[in-house]
Structures are given as structure tokens and as C-alpha cells.
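> please find the sequence and the predicted model below.
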Amino acid sequence: MYKELCFLSVTSSNPCGHRRAVVTCAVRNPVPLNRGVAAATVGAALIAGSLVPWLDSLPPMPVLVKTAQYVVSNPQSVFSEDYDFDSIYMDERVLLIGKRPVLIKQLWGNPSETSTGVVVWPAGEKMSRYLSTKVPRAALNRSNVLELGTGTGLTTIAVEKLGAKVTCTDGDPRMLELAKENVRANGALKNVSFRQLRWGVEEDMKPLESTSWDWILGADITYKEGAWADIAKTISRLAEKKTKVLIISQRRGVDDIEKFLKTIQEHNLECVRNTHTPAEVYMLNICDVK
């Protein structure tokens, strides 16, 4: 079971004592829902969607159809926030992100795909739900967001639906294609652009410097220690005083979070580890970017 996250909040314009955010990690039981009621409810949504297709707030019809199928067959798979590692073998997943169903295509079962970005990992779910439920919508609406290592595109979909203008990046062009397919399927293409960004690579970082980023996001991008220096270099290069950087990652080693913070400090990003909650969620602020 997924129990621990690393929460990094870059708020360089404010001292580390401010803008402290709380990530709730408590696992809630699936919504007790009669399957007949669920089918009728989703059916009503389908009818509403067909009658008012111009409403951008409604998920696309294929997403509603898949949601109906999953709700009727297995309500827990949609409503539970407890991560099920068996889900990485599914070709498609429906996740409830901020009360909105999101349909994600996965490629873990494809023998030609070796990237770990082809499925939704726990940190990706936590990132998307945190931004959709805990961060004021005004903080993301009309903001410029850069996502690092997008993988399936889940986080990009979540923040685009909150009104953000998103640049969705990954070092692997195949992941960008997968993300684009998922973003399109969920009707979130309007304010999203896609770009290859290999962390620390000059030719990839330079074009992104012309944009003033309000947010830089990364879900589970710290799993390879060899990439930490390049991640730090990329953040340092692209973040400004106002930029909020949020990285949520799973702890995989005894001291991997501490080592990552040390790497961050070596790239002139001052880090302060504040505390951790009883739910084993670490909250950290990185201050004084540039």
C-alpha cells in the first residue's frame, strides 16, 4: 500500500514559514453506492451530455460511457483513493479527480514499451487530486504551468480543467504521444502544448526560458538518483521568484528524500524541511529560487 509522499513547495517570494500546504493522505473507503443507483446516475449524465454537448465542463461522451461501465462493474475502482498496484496492468483506467472522471490509457502490457511512464503511479494520483481539491482554483486559473515528466498526462489533464495553460513535457517522445492521446480523449487539448524536455539539456531548456512559469509540477520524477542533478538544474534554470514548484514522489529508500534535498541545495536552491504529518506525508519548502 502506498503510504508516503514527498511534498515540495517552492515559494521563493515568501519565507519558508508561509504558504504551508497540507496534503491529506488518509485512505477513504469507497463510496457506498448501489449499482443500480450508480447506473441511473451515470445514465442521466450521459443524457445531459448528449443534450448539451457544448458544455465544456462535461467530460467527453466516451469518458462518460467508460465511467458508466466501470461504475456498474466495479464501483470501488472509480471511487476508491486507495492505490491498487494491480491497476498498472489495465489497458485503461477511470480515475475520479476532483469529482471529474478521467479516462487514462496505459501501456504497461505492451512488450515494446519499457518506460515506467506508461502507467499512472500513486504520486500521479495524489498530485492530481491535491491540485483539484486542496489548491484554490484561482491559484491555477489562467496560470502558466510546466509539467515535468508527464507520462500518461494525468496531471496535465487535471490542471487544464482548472483553467491553467499547460506545457506538457517529457524526455521520451513516445510518452508525449501517449499523453497527447489521453489529453485529447478527455477534452483537455484546448490550453495544452507538448514539448520534449530532457532534464538538464540546454537545447531543451532554452526555449522554455522565455515563459514566466507560475507553477512547475512533477509527479514521481525523483525515482532515479542519477537524474536528481539534472532535475535540480532544470528547476533552477526555469523557476523565478514567483514560481511555485510542487513535486510529489514516493519514498523508495531509507534516505532518498534527504539525498535529493542535498542535491537541490547544491544547485543554489535553499531547502528547509519543516515537519511530517502522522500520515507520513513529508512537507518541504524550497526557498530563494534564483
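Received it, and whenever you're ready, just let me know what you need. Not measured: the values here are computed from a predicted model.

> pull up the distance across stretch 165-179, start to finish.
Terminal residues of stretch 165-179 are spaced 16 Å apart (Cα to Cα, to the nearest Å).

> can you pull the buried residues of it?
Buried residues in stretch 165-179, defined by neighbour count with 16 or more other Cβ atoms under 10 Å: Lys165, Val166, Thr167, Cys168, Thr169, Asp170, Gly171, Asp172, Met175, Leu176, Leu178, Ala179. Just so you know, the C-beta spots here come from the backbone N, C-alpha and C atoms, and that holds for glycine as well.

> ok, now stretch 88-103?
Ile88, Met90, Arg93, Val94, Leu95, Leu96, Ile97, Gly98, Arg100, Pro101, Val102, Leu103.

> and the fourth one, which of the three is it?
If I follow you right, that is Val94. On the three-state scheme (DSSP: H, G, I helix; E, B strand; the rest coil), Val94 is labelled strand.

> mind checking how far it is from Ile231?
30 Å (Cβ to Cβ, to the nearest Å).

> what of the first one?
Taking Cβ to Cβ as the measure, Ile88 falls 23 Å from Ile231.

> same thing with the third one?
The gap separating Arg93 from Ile231 is 26 Å, by Cβ to Cβ.

> picking that back up, between the buried residues of stretch 165-179, which is nearest Lys224?
Gly171 (11.2 Å; Cβ to Cβ).

> quick one: contacts for the nearest residue to the closest one once chain neighbours are set aside?
With Cβ to Cβ, 6 or more residues apart in numbering as the criterion, Gly171 has its nearest non-adjacent residue at 4.2 Å, and that residue is Arg198. Listed by Cβ atoms under 8 Å, 6 or more residues apart in numbering, the contact set of Arg198 reads Gly171, Asp204, Asp230.

> with distance to Lys134 added, can I get these in JSON lines?
Formatted as JSON lines, these follow (distance: Cβ to Cβ, whole Å):
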{"residue": "Gly171", "distance to Lys134": "28"}
{"residue": "Asp204", "distance to Lys134": "31"}
{"residue": "Asp230", "distance to Lys134": "29"}
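
> picking up where we left off before, now the residue nearest to Gly171: how far from Thr243?
For Arg198, the distance to Thr243 - Cβ to Cβ - is 20 Å.

> what's the answer for Trp121, then?
Distance from Trp121 to Thr243, by Cβ to Cβ: 24 Å.

> go on, Thr67?
35 Å.

> swap in Arg137?
Distance, Arg137 to Thr243, by Cβ to Cβ: 19 Å.

> for Thr152, same thing?
In terms of Cβ to Cβ, Thr152 sits 24 Å off from Thr243.

> tell me which of the two has more neighbours.
Higher neighbour count among Thr152 and Thr243: Thr152, with 27 against 21, using other Cβ atoms under 10 Å.

> which parts of this protein are helices?
Secondary structure of the chain (DSSP state H): helices at 35-51, 61-73, 75-79, 122-133, 137-140, 154-160, 173-185, 202-205, 228-238, 256-266.

> just those: most buried one?
helix 154-160 (a mean of 28; mean count of other Cβ atoms under 10 Å).

> how about residues contacting it?
By Cβ under 8 Å, 6+ apart, the list of residues contacting helix 154-160 reads 95, 97-98, 102, 104, 120, 124-125, 127-129, 131-132, 140, 145, 147, 150, 166, 168, 179, 182-183, 186, 188, 190-192, 215, 217, 219.

> what's near enough to touch Asp214?
Asp214 neighbours (Cβ under 8 Å, 6+ apart): Ser143, Asn144, Val145, Lys242, Thr243, Lys244.

> so which of the residues you listed belong to strands?
If you go by DSSP state E, the contacts of Asp214 have Asn144, Val145, Lys244 in strands.

> ok, the first one touching Lys165?
Right, Asn144. Yes - using Cβ atoms under 8 Å, Asn144 is in contact with Lys165, at 5.6 Å.

> what about the closest residue to Arg93 other than its chain neighbours, how many residues nearby?
The shortest distance from Arg93 to any non-neighbouring residue, by Cβ to Cβ, 6+ apart, is to Ile104 (4.9 Å). Neighbours of Ile104 under the rule other Cβ under 10 Å: 27.

> tell me how far Ile104 lies from Ser87.
10 Å.

> shared neighbours of those two, anything?
With Cβ under 8 Å, 6+ apart as the test, Ile104 and Ser87 both reach Arg93, Val120.

> if we can go back for a sec, from the buried residues of stretch 88-103, which is closest to Pro60?
Nearest member of the buried residues of stretch 88-103 to Pro60, counting by Cβ to Cβ, is Leu103, at 8.4 Å.
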